[in-house]
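Chemist: here is my input; please provide its structure:
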Amino acid sequence: MTQPLNAIQQNLNRIPVLGTSAEEILNCPVSNVTFGMNERKQPWLCFKKDHLYDEINPLVRTVEDIQALGITEPNDLLLFFGLGLGFHAELLAAQKKGPLLIFEPNIEIIAVAMRSRVLNLPNTRIITQFSTLYDTMKKALFLTTRTVSAGAMPRYKNVFPRECDRFTSTASQVLTDLNIKNESQNKYTEALGLAAQSLRLVSQLPPVEALKPLVTGKPGIFVGAGPSLDNNIEALKDAQNHSLIVAANSALRPLHRAGITPDMVLVVETNDLSTHFNIGDLNKTTLIVTGASHQSYLRMPFRHTFSIVTSGNPYGDWMARAQNRLVIPAAGSVALVAFSLLQKLGCDPIIGAGMDLSYQTGASHAAGAEDADTWVKINPDKGTLIGYVHPENTTGADASKHHPLDGAPVELEAYEVRGWEENSTVFTTSVFNSYRLWLEHAAESWASENHLYNCTEGGAYIEGFNHQPLKDVIHACCTEEMPVSQWLDNIARTHTPFPSEPLQRVVAADLEILSKVGFIARETASRCDQLNSKIKNQSDISDETTRQLQQIADMKQAILKTAESSVLMNRLIVSSLEAAAQQPAPGPSPALNQLLRDAHFFTDIQRNAAAQHAAFESLLAP
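Modeler: Numbering: from 1, shown residues only. Got it, this is the predicted structure:
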């Protein structure tokens, strides 16, 4: 006879726990958590000696906590810090305002909660790792307008302060990353024609991953252009020919100024930043470009030009599918792509320099950098920083981009984070902080097996990295001869260009889907306009109108499904969804408001599909 499942087995069968296995929860010893009922028959829960619920009226206070969140409208995602015994989570789940993610920093609390009773948590996932929270949020917010509500068990903030800060930072990072991606989408749309021309040339270049067998297990150094680089740049001289040095394009001029030649310089921008390379002799450095890099870089006299394939853009997607290329995780910063490149090439340890990811009053970049004349002033009382051109260094055209036409300097929101130096703090911006959190996520997930060093000797602290002086790490790790230039020479000399036909077939397949989606969008946009007039003249929505609205919703879902077919379609659809979501609601009718947003979505899809098809069809020419 089958025995009934106990509470913890039922909970584990019904509630996904991400980041920790069911076996770990089932067998988890409990030594720091206690719970029970007080004399008033009210539940209590303690972590060590700290009460996690109100001692007098815990259930009443729980209701008040959830009411204080003020969640009245449906959300794409609900985030909550702390499972406790599940009372807050159950109230949130019962509201049915969106899928619920509960982050619980302590596995013992999960074990106790699941053993205590059967929890009623539909459409809920419990998460125990920050890297898992990051990945789950990004997937949950895929193809949404990103409406998110968040909260926390009040006493968790004091009992788990560090974890609560990371919970907040991780959630903010996901939203910032998605916003950066949207900004990149706009730039990418503007540069379609130029990128298509570049892709034809870049796809024939030697692949940088050909270097992997030679550098696996050997030290790699990625260099940004943060102002702290001025303090330890000389140490990099000892790493030359004893490591693989990859510089962000903005760091090339400071390195050259100090007499240091990086093995590679990386540029991913679609716009022309060739002034970063005005250093005279480029013949000792190899340039690394992507399929979206500006054509001007391909004409510069570097020793060699190699290609990489980065994630999240159609050019890289096409090259990866057509040429079976290694895909490098992309990020908002060139220096972060350099980190990804070293990790995917198998380098270990990976050492970072010039990665301030923050500001202090003074210079914003290392000396010699293109933007070295941009300085900042911190106003800690207001929590802002002001960027301006230093009065003693105002030469060059750059002054115009730091001073708007009215002469007012640029003011940005800033906040304090832990600094590289012990017991210090520094100020950072939301974008810089998203880069820091991206590196922390990498250190906790796909780069967790690497030995990672933040040798900036200034700026922000990066969780998961060892923080040591650059000179010490180089002397300890960069001891063997590495003739990187010779290796790159051999790869360039023996490289056979890729055949063009596979790339053309991949592009043609995506453009065919693009054409079909554009046709569907055009036809459905017209139906939206016709139905809009009908709804405006109806006091009640008829059955026939309801049927037509459902047909439009079905067509939208059909287009949304094509987002999974390629990065090209993914980016097209995401940008159109975001544009439609920003349209104001014109009236009290939910059906009419949704119809008008859908009409904008279909119109945007039609227009952008036509523009992208025209831009990329040149790739199909022999």
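
Chemist: number of residues surrounding residue 428?
Modeler: 23 (other Cβ atoms under 10 Å). (Each C-beta comes from the backbone N, C-alpha and C, glycine too.)

Chemist: give the bridge partners for it, please.
Modeler: Going by DSSP bridges, residue 428 is paired in beta bridges with residue 415.

Chemist: if I look at residue 338, how far off is residue 331?
Modeler: Distance, residue 338 to residue 331, by Cβ to Cβ, to the nearest Å: 10 Å.

Chemist: tell me which of these two has more neighbours.
Modeler: Using other Cβ under 10 Å, the more surrounded residue of residue 338 and residue 331 is residue 338, with 32 against 23.

Chemist: after the helix-or-strand element of the chain with minimal mean pLDDT, which helix or strand is next? Please name it.
Modeler: Across the helices and strands of the chain, mean pLDDT, DSSP states H and E gives its lowest value to helix 399-402, namely a mean of 41. Downstream of helix 399-402, the first helix or strand assigned by DSSP states H and E is strand 410-413.

Chemist: quick one: pLDDT of residue 398?
Modeler: Here, the pLDDT recorded for residue 398 equals 42.

Chemist: do residue 140 as well
Modeler: With respect to pLDDT, residue 140 has a value of 80.

Chemist: and the closest residue to residue 323 other than its chain neighbours, how many residues sit next to it?
Modeler: Spatially, and ignoring its direct neighbours in sequence, residue 323 is nearest to residue 498 (5.2 Å; Cβ to Cβ, 6 or more residues apart in numbering). Using other Cβ under 10 Å, residue 498 has 19 neighbouring residues.

Chemist: who are the contact partners of residue 498?
Modeler: When contacts are counted by Cβ atoms under 8 Å, 6 or more residues apart in numbering, residue 498 touches 203-204, 322-323.

Chemist: phi first, then psi, for it.
Modeler: Residue 498 adopts backbone torsions of phi -70, psi 140, taken as degrees, to the nearest 10.

Chemist: ok, residue 46 next?
Modeler: Torsion angles at residue 46 (phi, psi; degrees, to the nearest 10) stand at phi -130, psi 140.

Chemist: could you list everything it pairs with in the sheet?
Modeler: residue 34, residue 51.

Chemist: right, and it touches residue 33 too?
Modeler: Yes. If you go by Cβ atoms under 8 Å, residue 46 and residue 33 touch, sitting 6.9 Å apart.

Chemist: what's the closest non-adjacent residue to residue 589?
Modeler: Closest residue to residue 589 apart from its sequence neighbours, by Cβ to Cβ, 6+ apart: residue 535 at 7.1 Å.

Chemist: doesn't residue 619 lie inside a strand?
Modeler: No. According to DSSP: H, G, I helix; E, B strand; the rest coil, residue 619 belongs to no strand; its state is helix.

Chemist: what pLDDT does it get?
Modeler: pLDDT recorded at residue 619 is 82.

Chemist: hmm, back to that, how much space separates the residue nearest to residue 323 from residue 488?
Modeler: 18 Å.

Chemist: do residue 380 as well
Modeler: From residue 380 across to residue 488, the span is 47 Å (Cβ to Cβ).

Chemist: residue 296: what secondary structure?
Modeler: With three-state DSSP as the basis, residue 296 sits in helix.

Chemist: OK, contacts around it?
Modeler: By Cβ under 8 Å, 6+ apart, the residues touching residue 296 are 272, 274.

Chemist: ditto for residue 334
Modeler: The neighbourhood of residue 334, defined by Cβ under 8 Å, 6+ apart, consists of 248-250, 266-269.

Chemist: try it again at 6 Å.
Modeler: 248-249, 266, 268 (Cβ atoms under 6 Å, 6 or more residues apart in numbering).

Chemist: of those residues, which is the nearest to residue 348?
Modeler: Closest approach to residue 348 among those (Cβ to Cβ): residue 266, at 19.1 Å.

Chemist: what mean pLDDT does the longest helix along the chain have?
Modeler: Taking DSSP state H as the criterion, the chain has its longest helix at helix 501-536. In this model, helix 501-536 has an average pLDDT of 88.

Chemist: what's the spacing between that helix and its chain's center?
Modeler: The chain centre lies 29 Å from the centre of helix 501-536; the measure is Cα atoms, centre = their mean, to the nearest Å.
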